[in-house]
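> What shape does this take:
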Amino acid sequence: MIFEGRCWRFGDNIPTDRLVKTQYVFEPMDVIVRHVLEDLNPEFPAKVQPGDIVFAGKHFGQSSGRAIATKALKATGIGCVVAETFARTFYRNCFEVGLPALEVGLNPDLAADGDQIRVDLVSGEFTNLTTGATTHGAAADPFLVTMLDAGGLISLASTHPDLFR
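Residues are numbered from 1 along each chain as shown. Predicted structure coming up:
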């Protein structure tokens, strides 16, 4: 559960409505992904690459608990989401749709747009490969790692029904 990619830096208090604007929530996913986070960084939807990592501050994914926000982020191809803190429902939705997330106390200067970063979900280690800076957050709960390994909650339930009895 190690992810490496280019950093896309975002700030604090980003609600799910900024991830996916209300006007797009009922559109097909190929339309939604062309607008993910566009208000905060108009280049993101057009230039995000598979494996890139979203790096944010406090309260990422706050407000509504719509799973469409996590599904849309995953559909962009990003490898992982890292934030200082997440809204609890958003954090859990990440794992349920198979999107890795790491909560780590971040220094705002720890990474900038374009830096290459590595995230180890099991150990909680965050490393800026561009600058060499490293910090640790809380490792993901083993059950959540199992859920990610399965590809999300639905896949986990179908492959490990014994976990849900």
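> What's the local residue count around the residue lying closest to residue 139 once chain neighbours are set aside?
Closest residue to residue 139 in three dimensions, ignoring its sequence neighbours and counting by CB to CB, 6 or more residues apart in numbering: residue 124, at 4.0 Å. (Each C-beta comes from the backbone N, C-alpha and C, glycine too.) A count of nearby residues for residue 124, using other CB atoms under 10 Å, gives 16.
> Give the full set of residues in contact with residue 124.
Residues counted as contacts of residue 124 (CB atoms under 8 Å, 6 or more residues apart in numbering) are 102, 104, 136, 137, 138, 139, 140.
> roughly how far apart are the nearest residue to the second one once chain neighbours are set aside and residue 30?
Excluding the flanking residues, the one nearest residue 104 by CB to CB, 6+ apart is residue 137, at 2.6 Å. From residue 137 across to residue 30, the span is 33 Å (CB to CB, to the nearest Å).
> More neighbours: which of those two?
residue 137 (20 against 8).
> Could you pull up the mean pLDDT of the longest strand seen in the chain?
For the chain, the strand that runs over the most residues, judged by DSSP state E, is strand 2-9. For strand 2-9, mean pLDDT is 96.
> list the helices and strands that strand packs on?
strand 53-56, strand 116-120 (3 or more CB pairs under 8 Å, 6 or more residues apart in numbering; DSSP states H and E).
> do you know which of those strands lies nearest residue 74?
Residue 74 lies closest to strand 53-56 among the helices and strands packed on strand 2-9, at 10.7 Å (CB to CB).
> How about residues contacting the closest one?
3-12, 14, 37, 73, 78-84, 106, 111, 117, 119.
> and the next element down the chain from that strand?
Using DSSP states H and E, the helix or strand that follows strand 53-56 in sequence is helix 68-75.
> Note down every partner strand of the following helix or strand past that following helix and its orientation.
For helix 68-75, the following helix or strand on the C-terminal side (DSSP H and E) is strand 80-83. Using DSSP bridges, the strands paired with strand 80-83 are strand 53-56 (parallel), strand 101-103 (parallel).
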